[in-house]
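A.B. asks: Just need the structure, nothing else, for what follows:
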Amino acid sequence: MQRKSYACVPGVAVLLTALLAGCSGSSGSDGGAGDAKPGEVSASASTAKPGKYQSLPEPCAQPEQGTLDTMLPGIKELTDVRQREKAYQGTATATYDTDRRAGCKWKDDSAAGGMHRLTLDFERVVSYDAAVSDDSRAQDVFAAKREKAHLPVPAPTDSVTDPATESKGSDGGGKDDPDKKGGDGETGSEAGSEADGGETSSPASPSSSVSPAELQPRLLEGLGDEAFIDDELSGPEASRSRTVTVVFRTSNALVTVQYVAQSTTPGEAPDSKESQDTAQELAQTLVGKFGE
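C.D. replies: Next comes the predicted model:
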């Protein structure tokens, strides 16, 4: 009996080895897909590309002094040196995270040249969805800003009405348009001169060499990846104020340039083309700053 018992042990060992080998083989062939975790699958899949910009330039350091002299002429007229230097430096906008949002403001209140305000706002957009890129999210933010501006349909090129005074549609945010040609919007001699077919003498109207379609709020080309400009004339007849806003996107960064000008001459409004040109020129330099 003892010899028979020892004789059976090798056979049992062989059988157990075979069974174990069969089980491990079955587990290897059937368990590969079943043991995969959702996290492991998503990790192997491609994720959205991060944005080009991981930080923002310091807004107050961007405009050149010559640019500030053009847009804010009252600063260079300040006699107090410290006050003038402080005005050139601007005032930083308070934000919680300067890597995500930063801004700066300048102002001049010259009695002779009128009131001027300049504001820069930089925003770096980050998508927290791994399937959505930072650039795609920035496109959505830009689209929302563009829709909020209520850009109008291009006006006929033979019109001479100041584009900034035209209504931006029925939901245009209550834009002030007392100089609007015709209807209840006519005001005094300005509307009368336009109705007679002659060029208006109001400084608010663009020159005859520039068509209204070139000055009205519109999309812009050649400025970042996409851009638009808004132009609004507001305030009482005796003191008109013009606000020009340029917004552009470059990769995952959005930049807003807002320029406000108000004349001290009663009945005179800041020129639309001049205000738009200076705002766009500054915006173009900022595109280059982001590329550095």
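A.B. asks: Can you pull out the low-pLDDT segments for the chain?
C.D. replies: 1-46, 111-112, 153-213, 238, 291-292 (pLDDT under 70).
A.B. asks: Repeat the analysis, applying 90 as the threshold.
C.D. replies: Of all residues in the chain, those with pLDDT under 90 make up the ranges 1-51, 95-99, 109-114, 151-215, 234-240, 263-270, 288-292.
A.B. asks: so where do the helices sit in it?
C.D. replies: For the chain, helices defined by DSSP state H occupy the ranges 2-34, 38-44, 65-71, 81-89, 134-149, 188-195, 272-291.
A.B. asks: who touches the last one?
C.D. replies: I take that to be helix 272-291. Applying C-beta atoms under 8 Å, 6 or more residues apart in numbering, the set of residues contacting helix 272-291 from outside is 53, 57, 62-64, 67, 70-71, 120, 162-164, 204, 206-207, 210, 215, 220, 223-224, 227, 229, 231, 233, 242, 244-246, 248, 250, 253, 255, 257-259, 261. To be clear about C-beta, it is placed using only N, CA and C from the backbone, and glycine gets the same treatment.
A.B. asks: Among the residues you listed, name the ones in strands.
C.D. replies: Secondary structure from DSSP state E places 120, 220, 227, 229, 231, 233, 242, 244-246, 248, 250, 253, 255, 257-259, 261 of the contacts of helix 272-291 in strands.
A.B. asks: Can you tell me which of those residues are buried?
C.D. replies: Of the members of the ones in strands among the contacts of helix 272-291, the ones counted as buried by neighbours, 16 or more other C-beta atoms under 10 Å, are 120, 220, 227, 229, 231, 233, 242, 244-246, 248, 250, 253, 255, 257-259, 261.
A.B. asks: buried ones in stretch 88-98?
C.D. replies: With burial defined by 16+ other C-beta under 10 Å, the residues of stretch 88-98 counted as buried are 88, 90, 93, 98.
A.B. asks: Enumerate every residue touching the closest residue to Val126 other than its chain neighbours.
C.D. replies: Beyond its immediate neighbours in the sequence, the residue positioned closest to Val126 (C-beta to C-beta, 6 or more residues apart in numbering) is Asp134, lying 5.7 Å away. By C-beta under 8 Å, 6+ apart, the residues touching Asp134 are 48-51, 125-127, 251-252.
A.B. asks: Among those residues, which one lies nearest to Arg146?
C.D. replies: For Arg146, the closest of the contacts of Asp134 turns out to be Val125, at 14.6 Å, with distances computed as C-beta to C-beta.
A.B. asks: burial measure for the residue nearest to that closest one when sequence neighbours are not counted, as a count.
C.D. replies: If the residues on either side of it in the chain are set aside, Val125 comes closest to Ala138, at 3.9 Å by C-beta to C-beta, 6+ apart. By the measure other C-beta atoms under 10 Å, the count of residues near Ala138 is 26.
A.B. asks: Could you do the one 4 residues further on as well?
C.D. replies: Other residues near Phe142 number 21, with proximity taken as other C-beta under 10 Å.
A.B. asks: Please list all residues in contact with it.
C.D. replies: Neighbour list for Phe142: 226, 247, 249, 254 [criterion: C-beta under 8 Å, 6+ apart].
A.B. asks: Can you add neighbour count and give those back as a markdown table?
C.D. replies: Written out in a markdown table, the entries for the contacts of Phe142 read as follows (neighbours: other C-beta atoms under 10 Å):
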| residue | neighbour count |
| --- | --- |
| Glu226 | 18 |
| Val247 | 24 |
| Arg249 | 24 |
| Leu254 | 23 |
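A.B. asks: burial count for Arg117?
C.D. replies: By the measure other C-beta under 10 Å, the count of residues near Arg117 is 18.
A.B. asks: how close does it sit to Thr278?
C.D. replies: In this structure, Arg117 lies at 13 Å from Thr278, with C-beta to C-beta, to the nearest Å as the measure.
A.B. asks: Now for the two: what residues contact both?
C.D. replies: When contacts are counted by C-beta under 8 Å, 6+ apart, Arg117 and Thr278 are jointly contacted by Tyr259.
A.B. asks: and Ala283, how many neighbours?
C.D. replies: The burial metric for Ala283, expressed as a neighbour count using other C-beta under 10 Å, is 22.
A.B. asks: And for Asp271?
C.D. replies: Counted with other C-beta under 10 Å, residues neighbouring Asp271 total 19.
A.B. asks: any idea how far it lies from Asp97?
C.D. replies: Taking C-beta to C-beta as the measure, Asp271 falls 38 Å from Asp97.
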